[in-house]
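> structure of the sequence below:
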Amino acid sequence: MFDDTSTNNDRDLNGDSTARIADLEASVHRLEHRLSAYARLLSQSPIPAIFYHTDTLAIQQVNDGALSLYGHSREHFCSMTVRELFNPSAWMSIYDTGSEPQGDVWERELRKPINALGPCVQRGAEGRELVVRMTIFNFQFDGADGRLAIIQDETARQTTEEDLRASEERYRELFENANDIIFLQDLNGRIKAANRAAEFLTGYSRNELLGQDFAQLLAPEARESMLDSIRAHLGGSPTQRYELPIHPKAGSPRFLEVSTRIIYRRGHPFAIQGIGRDVTEWKISQRRLEETARELQLKNEELSKALKLAQEATQLKEQFLANTSHELRTPMNGIMGMTNLLKETELDLDQRDYVDAVSQCANDLLTIINDLLDLSQIGAGKFFVSDESFEIQDSVRSVIKLLSIRAGAKGLTLNYEIDVDLPVAIFGDSVRFRQILMNLVANAVKFTSQGGVDVRLRRVTGAILRCEVVDSGIGVEESIQEKIFHPFFQADGTLRRRYGGTGLGLTISKQLVEIMGGRIGVYNNTSMPGASFWFEIPLRSSPLAAL
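Next up is the predicted model:
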C-alpha cells in the first residue's frame with residue numbers, strides 16, 4: 001500500500017521548491033535590472049567624471065565623462081587600477097592610510113595634479129595636468145564593497161582664480177605705486193580706498209583717510225562743486241574732469257586735476273573712482289607766465305608808443321633833412337658860380353690857390369648835400385627809378401671821364417672793360433646806374449694810392465649784369481665788409497680824417513641797387529692788394545642793341 005501521506009508531502013515539497021525557485025529567479029531578474037540601471041546611470045551621468053572601483057582598486061565601471069576627461073577607451077579604463085590613474089604624490093594624498101574617509105562620504109579638493117592621457121596616446125604617456133575635486137562614496141556593488149568616485153574638473157576654475165589673483169596683484173601694485181592720486185569714495189562722499197600718493201599729498205595716514213568725507217579735504221568754496229559732480233554722475237553723466245583745491249593736514253594748499261567715473265555693482269551705482277594729478281607747480285608756473293605776459297604786454301604797449309614817437313621823429317628828421325638839403329643847394333650853387341667867376345679874374349698865385357681851395361670845398365660840400373638829399377628821399381619812400389633805354393658803354397665812359405682827372409692827379413690808371421657778350425643797350429635808369437658806378441669808382445680812387453682802378457662789366461647766369469670795380473688800394477677787413485654799406489659807417493676815424501667823406505656813397509649805392517632788384521657786395525683780392533666792389537642787376541636788352 002502506498003502511504004498517501006508521504007505522497008502528499010512530496011507533492012507539497014516539490015511545490016514549495018518550485019515557488020522558491022520562481023521567487024529567486026524574480027529576485028535575480030530584479031537585481032540584474034537594477035544593476036543594468038545602475039550601469040546606465042553611471043555611464044550616462046552628466047557629472048564630469050564617475051568611476052567605481054573595488055577594494056582591490058580595480059576599476060569596474062566608468063561614465064562617458066571620465067572617458068572624455070582622461071582620454072581612455074572604456075575597455076582600457078576598465079583594465080586599469082586606481083593607482084595607475086594618479087601620479088604618485090596625488091595617489092598618496094588620496095589613498096594613504098591616514099586619509100581614509102570617516103563615514104560613507106569623503107570629499108576633498110586635490111591641488112596636486114593627476115595624469116590624464118590625450119586621445120590616442122599610449123598607456124603611460126604623460127598628458128596635461130588637472131586639478132580636481134573628488135567626492136568618494138563607500139559603495140557596495142554586486143555584493144562587493146568598493147568606492148564610487150565623482151570627479152569635478154577644477155583646472156579652469158583654478159586658472160581663472162590664479163589669473164584673477166595676478167590681476168588683482170597687478171592692480172594693487174599700480175594702485176599703490178602710481179604717481180597720481182587714486183581714491184574710491186561711496187555715493188555719500190566718504191573715502192573707501194586711497195593709495196600712497198594720496199597719503200603723501202594730503203599728509204593723512206591711510207587709516208585717517210578711510211571713512212573721512214572727501215569734501216572735508218577741499219577748500220570750502222570747492223565743496224559744493226564736488227557735490228554737484230556726484231549728483232551729475234548719479235544722473236548719468238560720464239567721466240568728468242575738473243580742478244579741486246586740496247587742504248593738506250599741514251602746509252599750503254595744493255591743486256588737483258581730478259577725473260572721476262562711476263563704479264557699478266550688479267548694474268547699480270556703487271562708488272565713485274577718482275584719479276587726481278598734482279598741478280600746483282604747473283598752476284604757479286602758469287600764473288607766473290600770465291604775470292610775465294601782462295608785463296610784456298605793458299612793455300610792448302610802451303615800446304609801441306615809443307616806436308610810434310620814434311617813427312614820427314624820424315619822419316620829421318627826414319623831412320627836415322630833405323628840406324634843409326634842398327635849401328642848401330641854392331646858396332651852394334651860388335658859391336660855386338661866384339667862385340668860377342672869380343677864377344676868370346686876374347688873380348695872383350696865392351689868390352688863385354685860395355679860390356681853387358674854395359671851389360674844391362664847395363664841390364665836396366655839394367656832394368655831401370646831394371647824398372643827404374638822396375638818402376632822405378630813399379628813407380621817405382619818395383625815391384623812384386625810371387625805366388628807359390641807354391647804352392652801357394656811354395654810361396661807363398662818362399664816369400671814367402669825370403674821374404680820370406682825379407685819378408691822374410694821384411698817378412693812378414683808370415680803365416674799363418666791357419664783355420663782348422653784353423648787349424649795346426639795355427633797359428634801366430641810366431642816371432642811377434651812373435650814380436652807383438660813380439660812387440664805387442670814386443671810393444676806389446679815394447682809397448688807392450698807387451696802381452690803378454679797373455671797371456669790368458660782364459653777363460652772368462644769362463639775365464644778370466655784373467659790374468666789378470677792382471682797385472689796388474688798402475682793401476677792406478673781412479669783419480667790416482657787411483657794415484660798410486650801413487649809413488654813416490666808417491671803418492676807422494683815422495681813415496675819415498685822412499680820406500674824408502661821410503660814408504653815404506656806399507649806403508646810397510646799396511639802396512639803389514636793391515631798388516633796381518639787384519644786390520651788392522665786396523671782397524678782398526687774392527692775387528693782388530686791394531678790394532673788389534661789385535653789384536648785379538637784372539639785364540634786359542633794348543631794341544636799340546640791334547641798330
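
> all contacts plus neighbour counts: C-alpha atoms, from now on.
Fine.

> give the burial count for Val279, as a bare number.
17 (other CA atoms under 10 Å).

> quick check on it: phi, psi?
As for Val279, its main-chain torsions (degrees, to the nearest 10) stand at phi -110, psi 20.

> isn't it right up against Pro253?
No: here Val279 lies out of contact with Pro253, judged by CA atoms under 8 Å, at a distance of 11.3 Å.

> overlap of the contact sets of the two?
Overlap of the contact sets of Val279 and Pro253 (by CA atoms under 8 Å, 6 or more residues apart in numbering) is empty.

> among the helices and strands of this structure, which has the poorest mean pLDDT?
strand 105-115 (a mean of 44; mean pLDDT, DSSP states H and E).

> please identify the helix or strand for the residue nearest the centre of the chain.
Most central in the chain under CA atoms, centre = their mean is Trp282, positioned 19.2 Å from the mean C-alpha point. Using DSSP states H and E, Trp282 falls within helix 280-343.

> what's the answer for Phe390, then?
Per DSSP H and E: strand 388-391 holds Phe390.

> so what touches that strand?
Val424, Ala425, Ile426, Phe427, Gly428, Asp429, Ser430, Ser542, Leu544.

> buried subset of these?
Val424, Ala425, Ile426, Phe427, Gly428, Asp429, Ser430, Ser542 (16 or more other CA atoms under 10 Å).

> columns pLDDT, distance to Gly267 and secondary structure on top of those, output as CSV?
Formatted as CSV, the buried ones among the contacts of strand 388-391 follow (pLDDT from 0 to 100; distance: CA to CA, whole Å; DSSP: H, G, I helix; E, B strand; the rest coil):
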residue, pLDDT, distance to Gly267, secondary structure
Val424, 90, 96, coil
Ala425, 91, 94, strand
Ile426, 90, 91, strand
Phe427, 91, 88, strand
Gly428, 89, 88, strand
Asp429, 89, 89, coil
Ser430, 88, 92, helix
Ser542, 76, 91, coil
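
> nearest to Met336 among those?
Closest approach to Met336 among those (CA to CA): Ser430, at 26.1 Å.

> where's Val132, which helix or strand?
strand 129-141.

> show the average pLDDT along that strand.
Confidence for strand 129-141, expressed as mean pLDDT, is 71.

> after the host helix or strand of Tyr242, which helix or strand is next? Please name it.
Under the criterion of DSSP H and E, Tyr242 resides in strand 240-246. The first helix or strand that comes after strand 240-246 along the chain, using DSSP H and E, is strand 254-265.

> residues contacting that next one, please?
By CA under 8 Å, 6+ apart, strand 254-265 touches 233-234, 238-248, 269-280, 283.

> and Ile284, how many neighbours?
For Ile284, the neighbour count with other CA under 10 Å is 11.

> relative to Gly451, how far out is it?
According to CA to CA, to the nearest Å, Ile284 stands 71 Å off from Gly451.

> okay, and for the stretch 201-350 of the chain, where does confidence drop off?
Scanning the stretch 201-350 of the chain with the threshold set as pLDDT under 70 gives 230-231, 233-240, 318, 321-322, 325-326.

> ok, now with 80
Within the stretch 201-350 of the chain, the stretches with pLDDT under 80 are 215, 219-243, 314-330, 332-333.

> hmm, back to that, residues in contact with the strand holding Tyr242?
Contacting residues not belonging to strand 240-246 are listed as 202, 217-219, 222, 229, 253-261 [CA under 8 Å, 6+ apart].

> before we move on, what about stretch 505-515?
So stretch 505-515 is contacted by 371, 374-375, 378, 385, 432, 435-436, 439-440, 443, 484-488, 519-520, 535-537 (CA under 8 Å, 6+ apart).

> state the mean pLDDT of it.
Average pLDDT, stretch 505-515: 87.

> could I get the CA-only coordinates of that stretch as PDB?
In PDB, the C-alpha atoms belonging to stretch 505-515 read as follows (Å, rounded to 0.1, in the frame of the first residue of the first chain):
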ATOM      1  CA  GLY A 505      78.100 156.800 -51.100                       C
ATOM      2  CA  LEU A 506      78.200 153.100 -50.400                       C
ATOM      3  CA  THR A 507      74.900 153.200 -48.500                       C
ATOM      4  CA  ILE A 508      73.100 155.000 -51.300                       C
ATOM      5  CA  SER A 509      74.600 152.600 -53.800                       C
ATOM      6  CA  LYS A 510      73.300 149.600 -51.900                       C
ATOM      7  CA  GLN A 511      69.800 151.000 -51.600                       C
ATOM      8  CA  LEU A 512      69.700 152.000 -55.300                       C
ATOM      9  CA  VAL A 513      70.900 148.500 -56.300                       C
ATOM     10  CA  GLU A 514      68.200 146.900 -54.200                       C
ATOM     11  CA  ILE A 515      65.500 149.300 -55.600                       C
END
